[in-house]
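J.: Sharing a model that was predicted from the sequence below.
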Amino acid sequence: MSKQPLGFFDSGVGGTSVWKEVIKLLPHEDTIYLADSKNAPYGRRSKQEIIELCVKNTEYLLDRGCKLIGIPCNTATTNAISYLRDNYDVPFIGIEPAIKPAALNSTTKKVGVLATKGTLSSELFNKTHAEFTTHVNTIEIVGTGIVELIEAGKKDTVQMRELLIGIIEPFMISGIDYLVLGCSHYPYIKDHLAELLPARVKIIDSGEAVARQTLHVLKNANLLNLKQELGHHYLYSNLKTDVLSELTTEVSNKSISLLDF
């Protein structure tokens, strides 16, 4: 079982931001990544639709022998991970917006959260929010249009910059000192946000935390792949592969294919 691949699925290409953190920490693991770009973004779908898509992706990965499934998608995690854990006998690693460290470290006690509608309205997000932000004012903004531009290969365009200027205005007005990125796609616009926001604003995401948790779970379950050679990575998209390829150019030992799943 330890030689089986790690599986990942996301509502598109954005989850590669988290996947890259995992393979950086675990370079000897083989992986399979599903970019469900055909159904992106999950954030505008109902909870039932999200669960159904997650079940489909999970079963595809399990059919290929994955020993663990990572879900870089915040919306999928917050809406479906409890269902998946209840119905499948394999470890699941989810992701949530990093509200806790932002709330604990904020000096202005004003924290921004940029996420999808599906994440912000989920039960899991609101539970975490209630637990850690009692004495913190959180400004929650839906990043409408960001995922679509990244999926279209337009993350570094004037169109993206103009969209972000409008989206972050409430953060500018409120005086936040932390911005939490609550979507796997958003680390790909981190540089743009850093340029547009005041220098005091620290931008955080959950990619490294997910990688550390993946290592922890594999160790505890004796599932680490102990081979010496680098892992091989199979990346699939059900829409198109050009953006997936562009976002993973620095990763060696990979193959990218178009697949209907």
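T.: On my side now, so go ahead.
J.: The stretch 101-250 of the chain: strands as residue ranges?
T.: Applying DSSP state E, counting those that start in this stretch to the stretch 101-250 of the chain gives strands spanning 110-115, 137-142, 178-182, 202-204, 233-237.
J.: Dump the ones you listed into JSON lines; add distance to His129, mean neighbour count and mean pLDDT as well.
T.: C-beta coordinates here come from the backbone N, C-alpha and C atoms, glycine included. Output for those, formatted as JSON lines (distance: least, Cβ to Cβ, whole Å; neighbours: other Cβ atoms under 10 Å; pLDDT from 0 to 100):
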{"stretch": "strand 110-115", "distance to His129": "8", "mean neighbour count": "25", "mean pLDDT": "97"}
{"stretch": "strand 137-142", "distance to His129": "7", "mean neighbour count": "18", "mean pLDDT": "97"}
{"stretch": "strand 178-182", "distance to His129": "10", "mean neighbour count": "26", "mean pLDDT": "97"}
{"stretch": "strand 202-204", "distance to His129": "15", "mean neighbour count": "19", "mean pLDDT": "98"}
{"stretch": "strand 233-237", "distance to His129": "33", "mean neighbour count": "22", "mean pLDDT": "98"}
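J.: where along the stretch 51-200 of the chain do the helices fall?
T.: Secondary structure of the stretch 51-200 of the chain (DSSP state H, counting those that start in this stretch): helices located at 74-87, 99-105, 117-120, 123-132, 146-151, 158-167, 169-174, 190-196.
J.: follow-up on the earlier one: how about the strands of the stretch 101-250 of the chain in a markdown table, adding distance to Leu259?
T.: Below are the strands of the stretch 101-250 of the chain laid out as a markdown table (distance: least, Cβ to Cβ, whole Å):
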| stretch | distance to Leu259 |
| --- | --- |
| strand 110-115 | 28 |
| strand 137-142 | 30 |
| strand 178-182 | 28 |
| strand 202-204 | 33 |
| strand 233-237 | 4 |
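J.: Of all those, which one comes closest to Leu223?
T.: Closest approach to Leu223 among the strands of the stretch 101-250 of the chain is made by strand 233-237 (17.5 Å; Cβ to Cβ).
J.: Tyr33 is nearest to which of the strands of the stretch 101-250 of the chain?
T.: The nearest among the strands of the stretch 101-250 of the chain, by Cβ to Cβ, is strand 233-237 at 4.6 Å.
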